Each structure stands twice: as structure tokens, then as C-alpha cells.
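> Sequence and predicted structure, then a few things I'm wondering about:
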Amino acid sequence: MMTADPALVIATARSWLGTPYHDQASLRGVGCDCLGLARGVWRAVVGNEPFLIPAYSRDWGETGPREVLADGARRMMPEIAPADAGPGALILFRMAPRAIAKHVGILTGPDRFIHAYERLGVVEEPLTPTWARKITFAFLFPRSGSI
């Protein structure tokens, strides 16, 4: 599978900066959550979403036997080791020990990422050691027409 140009992914993600936080939404400039940001970038870079995203829990401490976000991403994106993730990669965070990965962002550099965060909306900020330790999975956006 051919992967998308990281510069295009980053430019697209940056076009969402300032979008207010809104749970389970995905409209640039209107509102989105972290998954909604990733979905919007997908639509702009790759094309139509390949399947409907079901409603999901906001509980970052949610546990369970399945990594729902990672499993969904694996259906449509090449997975890479988090240590190999570079600019343009989609990263998934485990926000609490033993919880499933429930937060996503897009790397914009070796030490920066964009994500949608409650009360802040879509922001680009430093990938601090605290954030970096929480990265659990990483994926690459495919090139349009390659899936």
C-alpha cells in the first residue's frame, strides 16, 4: 500500500487548528474530537471513510480485551512501530495504565503533534515525555486510491 505524503497530512491537520472540541463530531472549523480530527484528515487526504464509525465511550480509563481504535485503524492503514513514527503518522495514546488506547493525534515533527483536546479544541503542541510515553500504536495514512 502506498502511503500519503507526510507534508500533505500535516498541512491538512494544521487546517483544523482552532476547531472547537465537540464530542463525536468531525467538521473542520465547527467541532471535532480527536477521532473526528483523524477522520477529517482521512477524508481530505485519502477519500471517503471506508466504514461508519459507531458511537464510542469518552471514558479514557475504559478497559477491555480489544483495542477498538487500533483494530479499526489496522483495517485501513499500515501499522508501524511507535518508535518508527515520523511526521504525518497517526499515533494512538493509552491515557491510563491497563486502559485501551482512546486518544489520537498526528505527528507534525519529531517533538510536536496535533490533536483535539477537551476545552482546547484542535491544537498543535510539544510531544512532551509524558505524552510520548503514552504512545501505544502508530499508523500511516494511505495514499488516495491505494486502498
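Done, it's in.

> Roughly how far does residue 115 sit from residue 84?
Distance of residue 115 to residue 84, computed by C-beta to C-beta, to the nearest Å: 20 Å. Every C-beta, even on glycine, is put in place using the N, C-alpha and C of the backbone.

> cool, and residue 34?
Relative to residue 84, and taking C-beta to C-beta, residue 34 is found at 21 Å.

> These two - which one has more neighbours?
Relative neighbour count places residue 34 above the other of residue 34 and residue 84, with 22 against 9, counting by other C-beta atoms under 10 Å.

> Residue 118 is in contact with that one, correct?
No - Residue 34 lies out of contact with residue 118 (C-beta atoms under 8 Å); the separation is 9.3 Å.

> next helix or strand past the helix or strand of the chain with the lowest mean pLDDT?
Least confident helix or strand, the chain: helix 68-74 with a mean of 92, by mean pLDDT, DSSP states H and E. Proceeding N to C from helix 68-74, the next assigned helix or strand is strand 79-80, under DSSP states H and E.

> Tell me the secondary structure at residue 42.
At residue 42 the chain is in helix, as set by DSSP: H, G, I helix; E, B strand; the rest coil.

> Cross-check the contact I'm expecting between it and residue 141.
Yes - using C-beta under 8 Å, residue 42 is in contact with residue 141, at 6.8 Å.

> more crowded one of these two?
Under the criterion of other C-beta under 10 Å, the comparison of residue 42 against residue 141 puts residue 141 first, with 27 against 22.

> That one reaches residue 76, doesn't it?
No - using C-beta under 8 Å, residue 141 is not in contact with residue 76, being 9.3 Å away.

> pLDDT value on residue 12, please?
On pLDDT, residue 12 comes in at 98.

> Neighbours of it, how many?
By the criterion of other C-beta under 10 Å, residue 12 has 22 neighbours.
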